[in-house]
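**Student:** here is a sequence with its predicted model. Questions after.
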Amino acid sequence: MTDRQNIDTVLAERDAYNAALAGTRRRGGSWPALLVILAALALFPLVQLTGGNWNYPLHLMLYAFMYVAMTSGWNILGGFAGYISIGHNVFFCIGGYVSGMLLASYGISSFLTAPLAGVVAMAVGFCVGFITLRVRGPAFIISSIALLMVARILFDNWDFVGGSNGISLPRMELPVQYVKIPYYYAMLVIAVASLVASYAIRHSKFGLGLRAISQDEIKAESAGIDTRFYKILAFAISAFFVGTAGAIWGEYMTYIRPNIFLIILVAANMVLMCILGGKGTVAGPVVGTVLLIAFNEFFVSQFGASQINILGTGIIMILALMFFPNGIVGTLRRRGRLPRILDWD
Amino acid sequence: MTDILQILLIGAVLGGVYALMASGLTLIFGVMKIINLAHPVFIIIGAYISYWLFTLVGLDPILSMPIAMIALFCLGIVVYKLIFEREASSAKYSEMTVLLTFAVALSFDGLLGVLFGNIQRITSPSYAVEAVMLGDLFLPKGQFYAGLISIALIGALVAFLKFTRFGYAIRATTQNREAAQLLGVNVGLVSTITFGIGIGLAGASGALISFIFSFFPARHWEWIALLMSLIVLGGMGRLMGAVVGAFLLAIVSAFVGSYFGSTWSMMTFYLALFLILLVRPQGLFGEKME
């Protein structure tokens, strides 16, 4: 056998091994149960037909879907690639403003322009990532805060989009009991799409590369991974989902204003939900989102003030980081006690 | 010409204050490699201490500065012992500590908001509204005093690091943690005390800025990027680097502010941070950082 053939066999075997490694999944997944849950969520708005006022539960659920979408978007960069961004709500803002301005100027509904808003956020993410992903670790985190500050100043002083007062958007003409339903479905679709994308990335060669980057970037690079391109792509994809969610949220709120998008609490929520649920897992963002929103609701109903909410968020984050650095899903998996219904990887 | 001198003067005075604000941050990073996102929130706590001492007891903020400093020193040690010490063995140390400081900042932000509300406050001793004239140049007394005291405190810090045994230990730990430990430096104690000193310096600068900037709990998010730009420019962990960075950027932002308006003077710091990260991530005097 010649050397050439030898090399070819080795390469072929390595490719097969890599593909197998990337595609590894446990048998007997939780698909049927998940489909049942999804169907239940899709049918939930029917409760409005019973005549009762379910607007608040609908609001909470669409709020949760929004955060699921944003957190699993964040997870692609922060969880898989290990690049923590505390300024990801910039893309939330960009998405909201792109769709909001199109709605205000041309009357095009955000439901149509949301994917476009996502693409714009993605393009901005690509450019920003091109600059900030040159540094890693703590320096990247700092640059993400600086990004948030720059965006806040720009949007606060940009007269075309209304400056710090923002712009109010036309309301959708619907009877009050149905007014939340279109947004509910839109957010549900985005959330499911982000989870599917997250699953697909996790089981692709791309996802494997990202995980290698989060373990040891230099070794990943010497193993032949184009780390720079991988990171920037992960940044752009994560910006896409955050931006799309922002587009729908802007129309839902009926106004766009820097202080609904560009506040640190939104960014903190994204980071915390992901860490609480489990960074780098598909189910983690969902678990974290549900827990944190339930907690927030409890806090607001008991104490009311939003300042206490910030304090509570901070304290939970400290405790989660100190005692569950792998998050709930990660910790349970490590102990082999993860219920099958949460094992989405 | 007078205009330019005037701007230079204001910039230089503010530079001194910024340098003191950043000195604790860079000291903590140097010894522990913790990027303390909670640093500005401690500055604001210091500012509240002097504000309430002034409002309730009538104590001058400059005199209450040592009180704020000692109180924050103790708070820093408590926070370090409770939260950060156990992370020392963590595999993802730098990432974990940054997130923890972020969470600490959030908690104190919320706590201050609950206690005092999100109202803009400023301590108003008589000199805060007076000014001295140096020939044609105009210099607000408050900023002048704050700048002078800041520079004096930084001088004292440098002397402490240079001429005391504990200062030696801190500098040795900054240069090489393992080697310092081998040579018998109690690295754990040095870390704890340095964290306390860093937060104490934050408290001192808080007392000083309480009469030159208005403050409210959420203000610290603006300052973290500002302080980061100073210490990244100077090279993370370099005290003198942070001082040079503070003066440079304060003067540049004073010029930007007077020609383009004060909103853009803040922008100087953020854009500078991006530019430095892009062009020279290790800063002016630093070695390449991980």
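**Tutor:** Received it, and whenever you're ready, just let me know what you need.
**Student:** state the next helix or strand along the chain beyond the lengthiest helix in chain B.
**Tutor:** What stands out as the longest helix in chain B, according to DSSP state H, is helix B:2-32. Next in sequence after helix B:2-32, counting helices and strands by DSSP states H and E, comes helix B:39-52.
**Student:** my read: A:Asp268 touches B:Leu99, true?
**Tutor:** Quick fix: residue A:268 is Ala, not Asp. No - A:Ala268 lies out of contact with B:Leu99 (C-beta atoms under 8 Å); the separation is 10.3 Å. From N, CA and C alone the C-beta is placed, and that goes for glycine too.
**Student:** determine the number of other residues adjacent to the spatially closest residue to A:Val300 that is not a sequence neighbour.
**Tutor:** Among residues not flanking A:Val300 along the chain, A:Asn309 sits closest, at 6.5 Å (C-beta to C-beta, 6 or more residues apart in numbering or on different chains). Residues lying near A:Asn309 (other C-beta atoms under 10 Å in any protein chain shown) number 19.
**Student:** A helix includes B:Met133, no?
**Tutor:** No - read with DSSP: H, G, I helix; E, B strand; the rest coil, B:Met133 is strand and lies in no helix.
**Student:** need the contact list for it.
**Tutor:** B:Leu139 (C-beta atoms under 8 Å, 6 or more residues apart in numbering or on different chains).
**Student:** before we move on, what about the one 4 residues further on?
**Tutor:** Residues touching B:Leu137, when contacts are defined by C-beta under 8 Å, 6+ apart, comprise B:2, B:5-6, B:9.
**Student:** need the residues you listed in JSON lines with neighbour count and pLDDT, can you?
**Tutor:** Output for these, formatted as JSON lines (neighbours: other C-beta atoms under 10 Å in any protein chain shown; pLDDT from 0 to 100):
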{"residue": "B:Thr2", "neighbour count": "10", "pLDDT": "78"}
{"residue": "B:Leu5", "neighbour count": "13", "pLDDT": "89"}
{"residue": "B:Gln6", "neighbour count": "17", "pLDDT": "89"}
{"residue": "B:Leu9", "neighbour count": "19", "pLDDT": "89"}
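**Student:** residues in the stretch 101-250 of chain A within reach of chain B, list them.
**Tutor:** Residues of the stretch 101-250 of chain A found near chain B (C-beta under 8 Å from any C-beta of the partner chain) are A:131-132, A:134-139, A:141-143, A:145-150, A:153, A:156-157.
**Student:** what's the pLDDT at B:Ser258?
**Tutor:** Note on B:Ser258: pLDDT of 87.
**Student:** which one is it nearest to, not counting chain neighbours?
**Tutor:** B:Ile7 (5.3 Å).
**Student:** same check, this time on B:Gly46
**Tutor:** B:Gly206 (2.3 Å).
**Student:** secondary structure element for that neighbour?
**Tutor:** helix B:187-209.
**Student:** mind exporting the C-alpha coordinates of that helix to CSV?
**Tutor:** Only the C-alpha atoms of helix B:187-209 are listed here, as CSV (Å, rounded to 0.1, in the frame of the first residue of the first chain):
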residue,chain,number,x,y,z
VAL,B,187,-0.9,34.9,48.2
GLY,B,188,-4.3,34.3,49.7
LEU,B,189,-3.9,37.1,52.3
VAL,B,190,-2.4,39.4,49.7
SER,B,191,-5.4,38.8,47.4
THR,B,192,-7.9,39.5,50.2
ILE,B,193,-6.2,42.7,51.3
THR,B,194,-5.7,43.9,47.8
PHE,B,195,-9.3,43.4,47.0
GLY,B,196,-10.1,45.4,50.1
ILE,B,197,-7.7,48.1,49.2
GLY,B,198,-9.1,48.2,45.6
ILE,B,199,-12.7,48.6,46.9
GLY,B,200,-11.5,51.1,49.5
LEU,B,201,-10.1,53.2,46.7
ALA,B,202,-13.4,52.9,45.0
GLY,B,203,-15.1,54.2,48.1
ALA,B,204,-12.6,57.1,48.4
SER,B,205,-13.2,58.1,44.8
GLY,B,206,-17.0,57.8,45.4
ALA,B,207,-16.7,60.4,48.2
LEU,B,208,-14.9,62.7,45.8
ILE,B,209,-17.2,62.4,42.9
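**Student:** can you pull the buried residues of it?
**Tutor:** Judged by neighbour count using 16 or more other C-beta atoms under 10 Å in any protein chain shown, the buried positions of helix B:187-209 are B:187, B:190-209.
**Student:** ok so, going back, was I right to think the residue nearest to A:Val300 contacts A:Asn296?
**Tutor:** Yes - contact criterion C-beta under 8 Å: A:Asn309 and A:Asn296 qualify, at 6.2 Å.
**Student:** related to what we said a few turns ago, mutual contacts of A:Ala268 and B:Leu99, please.
**Tutor:** With C-beta under 8 Å, 6+ apart, A:Ala268 and B:Leu99 have common neighbours A:Met317.
**Student:** what is the burial count for A:Asp216?
**Tutor:** 12.
**Student:** if I look at it, how far off is chain B?
**Tutor:** To chain B, A:Asp216 is 11 Å away according to C-beta to the nearest C-beta, to the nearest Å.
**Student:** same check, this time on A:Phe241
**Tutor:** 22 Å.
**Student:** setting aside sequence neighbours, what's the nearest residue to B:Asp194?
**Tutor:** One thing to correct before we go on: residue B:194 is Thr, not Asp. B:Val31 (4.4 Å).
**Student:** could you check how far the one you found is from A:Leu49?
**Tutor:** From B:Val31 over to A:Leu49 the distance is 64 Å, taken as C-beta to C-beta, to the nearest Å.
**Student:** of those two, which one has the most company?
**Tutor:** Applying other C-beta under 10 Å to B:Val31 and A:Leu49 shows that B:Val31 carries more neighbours, namely 25 against 10.
**Student:** what pLDDT does the model give the more buried one?
**Tutor:** pLDDT, read off for B:Val31, is 89.
**Student:** report the contact partners of it.
**Tutor:** Taking C-beta under 8 Å, 6+ apart, we find B:Val31 in contact with B:170, B:173-174, B:190-191, B:194-195.
**Student:** show me the contacts for B:Ile49.
**Tutor:** By C-beta under 8 Å, 6+ apart, the neighbours of B:Ile49 are B:64, B:67-68, B:71-72, B:203, B:206-207.
**Student:** of those, which is the nearest to chain A?
**Tutor:** B:Leu72 (18.3 Å; C-beta to the nearest C-beta).
**Student:** pull the one helix or strand the closest one maps to out as PDB, backbone CA atoms only.
**Tutor:** Using DSSP H and E, B:Leu72 maps to helix B:61-79. In PDB, the C-alpha atoms belonging to helix B:61-79 read as follows (Å, rounded to 0.1, in the frame of the first residue of the first chain):
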ATOM      1  CA  PRO B  61     -17.400  65.000  51.800                       C
ATOM      2  CA  ILE B  62     -13.600  65.500  51.800                       C
ATOM      3  CA  LEU B  63     -13.500  64.800  55.500                       C
ATOM      4  CA  SER B  64     -15.900  61.800  55.200                       C
ATOM      5  CA  MET B  65     -13.700  60.300  52.500                       C
ATOM      6  CA  PRO B  66     -11.600  58.200  55.000                       C
ATOM      7  CA  ILE B  67     -14.900  56.900  56.500                       C
ATOM      8  CA  ALA B  68     -16.100  55.800  53.000                       C
ATOM      9  CA  MET B  69     -12.700  54.300  52.300                       C
ATOM     10  CA  ILE B  70     -12.600  52.200  55.500                       C
ATOM     11  CA  ALA B  71     -16.300  51.200  55.200                       C
ATOM     12  CA  LEU B  72     -15.700  50.000  51.600                       C
ATOM     13  CA  PHE B  73     -12.400  48.300  52.500                       C
ATOM     14  CA  CYS B  74     -14.400  46.200  55.000                       C
ATOM     15  CA  LEU B  75     -17.200  45.600  52.500                       C
ATOM     16  CA  GLY B  76     -14.700  44.600  49.900                       C
ATOM     17  CA  ILE B  77     -13.100  42.000  52.200                       C
ATOM     18  CA  VAL B  78     -16.500  40.600  53.100                       C
ATOM     19  CA  VAL B  79     -17.500  40.300  49.500                       C
END
